[in-house]
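Pasting the sequence and the predicted coordinates here, then a few questions.
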Amino acid sequence: MLVKIFAALSAIATVLTVALTALAETGWNLLWIVPLLLIGYFLASNALYVLLMYLGTQFFIDLNKPQSRPSKFCRWHLDQIAKTACLYLGAKIHVTGEEKIPTDRRFLIVCNHRSFFDPAVMVATLDKHGIIYISKKSNFRVFVGGKLMHKSGCLALDRDNNRQALGVIKRATEIITQDVGSICIYPEGTRSKTENMNPFHAGSFKIAQKAGAPVVVAAVRNTDDIMRNAFKRNTQVYLDIIGVIDAEYAKTHTTRETADLAQGMIEEHLEKMRKETCDSGC
């Protein structure tokens, strides 16, 4: 959406500039200027948007002020920034299994963690599902995006503070039970730098257990290639919704059992995808 707005503004400004110049002189010998003007207006509109967002977040959003309900205005901008970032960096996102996501109730969605761009990919593609993200505290210091995350209702998790982490789990449970939104968390806790996943933290699944919510199990692939390929070639990124662990299972089993089940589903799926890829291209 933002790209379309920028492009429209650039096109209009370019046409007006060329038309006015043509009236004063001749239009034919100025055609070579059009691409330069288009690029210039496009970059200027992007820069202006970033400046306005910076000023708005800097002066009107306080990270120390609790956010009772997500701001739809800030969430829209967060969604558009994620989509624009993926587009500019050449991330071609393919989503499978989205039809498995519950539409009649709130849920907890868990996913493997390969890259800093994992949340951006999910925000860009699953925006209609009203998902609120749990992210490490340092991410809320990211330029512009951090404050938009806070205002959008995202929850900051301090990995070194167990008491604070329990508070985040409690708040996430309330968000689901009060029908404010669904919750996304990466149970590995940190990005895996190899093909093997880190062990899931069972505490993440207390949210589903306490809220009586189903667990949507998802897997991302190739997000760790986005920065390596940026501005050189496109990256084929995959977000697969593997399946759903029903609420009754999450409620009646230990969090460790639910965590192991979810991780097993993801590992099995990723191994299957690796074999299919190898069979078709190795």
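Thanks, I have the structure now.

Give the other helices and strands that the helix or strand in which Thr84 is found contacts.
Thr84 belongs to helix 72-88 when assigned by DSSP states H and E. Using 3 or more Cβ pairs under 8 Å, 6 or more residues apart in numbering; DSSP states H and E, the elements in contact with helix 72-88 are helix 2-24, helix 118-125, helix 145-151. C-beta here means a position set from N, CA and C on the backbone, and glycine is covered the same way.

what is the mean pLDDT for that helix?
Across helix 72-88, the average pLDDT comes to 92.

Pull out the buried positions in that helix.
If you call a residue buried by 16 or more other Cβ atoms under 10 Å, then helix 72-88 has these buried ones: Cys74, Arg75, His77, Leu78, Asp79, Gln80, Ile81, Ala82, Lys83, Thr84, Ala85, Cys86.

Quickly run through the sheet partners of the next helix or strand along the chain from it, with directions.
The first helix or strand that comes after helix 72-88 along the chain, using DSSP H and E, is strand 91-96. When sheet partners are counted by DSSP bridges, strand 91-96 sits next to strand 235-245 (parallel).

which residues sit against stretch 250-269?
With contacts defined as Cβ atoms under 8 Å, 6 or more residues apart in numbering, stretch 250-269 is touched by 108, 110-112, 187, 197, 199-206, 208-209, 212-215, 217-219, 240, 242-243, 245, 249.

so where do the helices sit in the stretch 151-282 of the chain?
162-177, 206-211, 226-229, 247-252, 255-281 (DSSP state H, counting those that start in this stretch).

Can I get those helices in JSON lines including mean neighbour count?
Output for the helices of the stretch 151-282 of the chain, formatted as JSON lines (neighbours: other Cβ atoms under 10 Å):
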{"stretch": "helix 162-177", "mean neighbour count": "17"}
{"stretch": "helix 206-211", "mean neighbour count": "23"}
{"stretch": "helix 226-229", "mean neighbour count": "15"}
{"stretch": "helix 247-252", "mean neighbour count": "16"}
{"stretch": "helix 255-281", "mean neighbour count": "15"}
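
Output these as CSV; include the columns mean pLDDT.
Output for those, formatted as CSV (pLDDT from 0 to 100):
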stretch, mean pLDDT
helix 162-177, 93
helix 206-211, 96
helix 226-229, 92
helix 247-252, 96
helix 255-281, 89
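
out of these, nearest to Tyr54?
helix 226-229 (22.6 Å; Cβ to Cβ).

just how off-centre is that closest one within its chain?
Computed by Cα atoms, centre = their mean, to the nearest Å, the chain-centroid distance of helix 226-229 equals 17 Å.

pull the CA atoms of it into CSV?
This file holds the C-alpha atoms of helix 226-229, laid out as CSV (Å, rounded to 0.1, in the frame of the first residue of the first chain):
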residue,chain,number,x,y,z
ILE,A,226,17.0,-12.1,2.8
MET,A,227,19.8,-9.8,3.8
ARG,A,228,22.4,-11.9,1.9
ASN,A,229,20.4,-11.5,-1.3
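
Packing partners of that helix?
Judged by 3+ Cβ pairs under 8 Å, 6+ apart, helix 226-229 is in contact with strand 235-245.
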